[in-house]
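In: can't give you the sequence, but here's the structure:
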């Protein structure tokens, strides 16, 4: 996706993110025990999310972005240990028990998944799956649930919604299934939508439609969205703010405009450079050498140091702090190069 | 079933219905069920009536399967035995199925310490040969049909549970299960409404085959004097009664033996057909 071009226009559309946050994550860590050793898949992650804001969570495979998302509402599996605090409208989700969490899941916070093929139950009709959510979270009667299900399918742009309630998931295309998934997630008007790579399994035109749908719904319903993706084009197109994850930590965060224009962390810069932009055909694409460290083999210093071209002695010895480098822009790097040329000039 | 409802079935099901395996297997089981439900309508004689004028007569028009050492009509006894043996097929498996499916679903979904304990139980049961363990339990409880059902269920549920557990674990990895959790559904709802229908197919197929095995097992125990008790007509018992006369009155053991083989074949063929029908296509 070549959405990076749109970054100028996105910058002007930034809402005031300094508002009281709906979701405040502080020091979130998720660890799994393997052969007596603690493996931290998510390490000390903190961020705030304002109502109606779209936050992009970006990173390579295995950077911990999906687990972060699942940790927020406590559905990590196999049961990992979650530390830190997730304040949702003043209540800490981490310390809540299952029955309390069940009241929030699906009602206030909903989630959609990467694979629309497997995230719907293949043996139940679409209508049943939507009304089931309505039944669990609203006091609507049978007839009203049916009506609302049709409204929801209309809302997410499924043609002839009323006649499709009795269809099974296999009778829908991938994009349509993702729409159905979104319709189910929206059933009880959630205030926060967690989207785990919602467009990765879809082709580019459908991707665009689904992202637009999510953005429209955000505006219509004033719903906050956390969008996990590895596609910077998706971020540029749809997010207000972005947090870049590497090896379980957020290593840089800020508004989409700032991050895309003036990335501070060498990893973010590398990610941006690896997006093909107006390159002549048959030129090799930029890539960051090496692979992220394994969970059971974390370096003592900065986790990115072994792959970082600018790494110095301090990088290998101690992990950098996550500190402000500008207005609403923070990064975790020992050698913050403010003088680094921006991507715009690189072209 | 009318032509209209038939034509609404999905194509793979229709194809499976037209297969010889289903037609033959289904036919045998249908016949067996009719014999089991209405033996009096099919049996020409009273299965328990002695007739000292016709002792150990070879097959003839009057007695197509011959008579036994008390002059009882073997055909009538074989037909009445359908009632007992079909009952064995059902009751020796259905409780094992219900317990196994429930237990397997729960440990498969929740995992953790319950799964560990379950694993040890399974290991303990599977270590013993099936028949040896069942005989041991029957020996403790005492012979008889009901005790035999209890003994078989006690051992057999493990096999259903193991199958169900594996299947539920596979399904749990699918996103629709995570989606259910994210929507705030209770684990009971997720397991029994969402996972179970997706995971039950192999268990149902196994059940069909297992009913055939249960008849063999029931007959074996009947033969050994641990299951159904004489003078009740049961195939294993009938074969046992004939074993002393195997050279002079072979029909006494052969005819109930054929009934066992035929019914077992019926369940196996039906099991194959059901597996074909339920197997997801392309």
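Out: Nice, I can see it. None of the values given here were measured: they were computed from a predicted structure.

In: use CA for all of it now, contacts and neighbours both
Out: OK.

In: Can you give me the distance of residue A:121 to residue B:38?
Out: Distance check for residue A:121 against residue B:38: by C-alpha to C-alpha, to the nearest Å, it reads 43 Å.

In: quick one, which of the two is more surrounded?
Out: Using other C-alpha atoms under 10 Å in any protein chain shown, the more surrounded residue of residue A:121 and residue B:38 is residue A:121, with 24 against 14.

In: Skipping its backbone neighbours, what lies nearest the more buried one in space?
Out: Nearest-residue entry for residue A:121: residue B:176, 5.6 Å, with adjacent residues in sequence omitted and distances by C-alpha to C-alpha, 6 or more residues apart in numbering or on different chains.

In: Remind me which helix or strand that neighbour belongs to.
Out: In this structure, residue B:176 sits in helix B:175-182 according to DSSP states H and E.

In: Can you list the helices and strands that that helix packs against?
Out: Taking 3 or more C-alpha pairs under 8 Å, 6 or more residues apart in numbering or on different chains; DSSP states H and E as contact, the helices and strands that helix B:175-182 lies on are strand A:109-112.

In: my guess is the residue nearest to residue A:121 meets residue A:117, correct?
Out: No: under the criterion of C-alpha atoms under 8 Å, residue B:176 is not in contact with residue A:117, lying 9.2 Å apart.

In: Which one's more surrounded, the two?
Out: For residue B:176 against residue A:117, the residue with the higher neighbour count under other C-alpha under 10 Å is residue B:176, and the figures read 25 against 22.

In: and that one, how far is that from residue A:289?
Out: As judged by C-alpha to C-alpha, residue B:176 and residue A:289 stand 36 Å apart.

In: Equivalent analysis for residue A:166, please.
Out: Where residue A:289 is concerned, residue A:166 sits at a distance of 50 Å (C-alpha to C-alpha).

In: likewise residue A:318?
Out: Separation of residue A:318 from residue A:289 (C-alpha to C-alpha): 22 Å.

In: out of the two, which sits in the busier spot?
Out: Summary of the neighbour comparison: residue A:318 and residue A:289, criterion other C-alpha under 10 Å, with residue A:318 having more neighbours (14 against 11).

In: Checking residue A:275 next. Helix, strand or coil?
Out: Following DSSP: H, G, I helix; E, B strand; the rest coil, the label given to residue A:275 is coil.

In: And the pLDDT for residue 18?
Out: Assuming you mean chain A. Looking at residue A:18, its pLDDT stands at 46.

In: that answer is for a different chain, and I need it for chain B
Out: Among the per-residue scores, residue B:18 holds a pLDDT of 78.

In: and it, how many neighbours does it have?
Out: Around residue B:18 there are 12 other residues, counting by other C-alpha under 10 Å.

In: Distance check, it against residue B:11.
Out: Note on residue B:18: its distance to residue B:11, by C-alpha to C-alpha, is 11 Å.

In: in the stretch 151-300 of chain A, what residue is nearest chain B?
Out: Among residues of the stretch 151-300 of chain A, the one nearest chain B by C-alpha to the nearest C-alpha turns out to be residue A:185. It sits 7.4 Å away.
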